[in-house]
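Peer 1: what shape does this take:
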Amino acid sequence: MSRGLKLCLLAALFTLCGGAALFQSVLDRRWQSASPGELYSVVSSQLSAFRADNYPAAYRQVSMSFQERFNLQSFADLARTDYPALLHASRVEFGQARFQGRRAFLPAYFFLPDGEITPCIYSLIREENAWKIDNVQVLPRWPANRRLGGIRT
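Peer 2: Residues are numbered from 1 along each chain as shown. Here you go, the predicted structure:
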């Protein structure tokens, strides 16, 4: 193989890699420019479905990888046994969403009837042009009357 042909192949490879990196950068920016309201809507829809005992609707809000790990029945059992307090929270407030490529992390604060707050971190993933819940990390409860930071109007 001649030296000129090798250089042309190498230049084509670099051009292809540069184009792929540029394309990925554009996709990342598009996902990161998503409105946090989209994330709030997904989580709120799932919580509304849970409260109405509509587990199939709640299950539609989870990612494909989550659905591979849990079928509908095990998902419903998980929600009823591991997260009953969250399903009966008097209100939910969301924190600032953080985006990393096609993933997003959304803090949520569940205000329980006894005044305690249960913070959670929702991990969402962008798949099939929609945000889906991939995981929920429940953090230790905060005592009653703990004030959240931020501005109240």
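
Peer 1: rest of the way, CA atoms for contacts and neighbours
Peer 2: Noted.

Peer 1: and the chain, what are its domains?
Peer 2: 1-33, 35-138 (automatic domain parsing).

Peer 1: most neighbours per residue, which of those?
Peer 2: domain 35-138 (a mean of 17; mean count of other Cα atoms under 10 Å).

Peer 1: chain neighbours aside, what residue packs nearest to Gly115?
Peer 2: Ala144 (4.4 Å; Cα to Cα, 6 or more residues apart in numbering).

Peer 1: check contacts around that neighbour.
Peer 2: For Ala144, the contact set (Cα atoms under 8 Å, 6 or more residues apart in numbering) comprises Asp114, Gly115, Glu116, Ile117.

Peer 1: same question, Leu87
Peer 2: Going by Cα under 8 Å, 6+ apart, Leu87 touches Leu47, Phe50, Arg51.

Peer 1: so the second one sits in a strand?
Peer 2: No - residue state for Phe50 (DSSP: H, G, I helix; E, B strand; the rest coil) corresponds to helix; a strand is not indicated.

Peer 1: how much space separates it from Met64?
Peer 2: Counting by Cα to Cα, to the nearest Å, the separation of Phe50 from Met64 is 19 Å.

Peer 1: can you check the last one too?
Peer 2: Taking Cα to Cα as the measure, Arg51 falls 23 Å from Met64.

Peer 1: any idea what the residue nearest in space to the middle of the chain is structurally, helix, strand or coil?
Peer 2: In the chain, the centroid-proximal residue (Cα atoms, centre = their mean) is Leu124; its distance is 1.6 Å. The three-state label given to Leu124 by three-state DSSP is strand.
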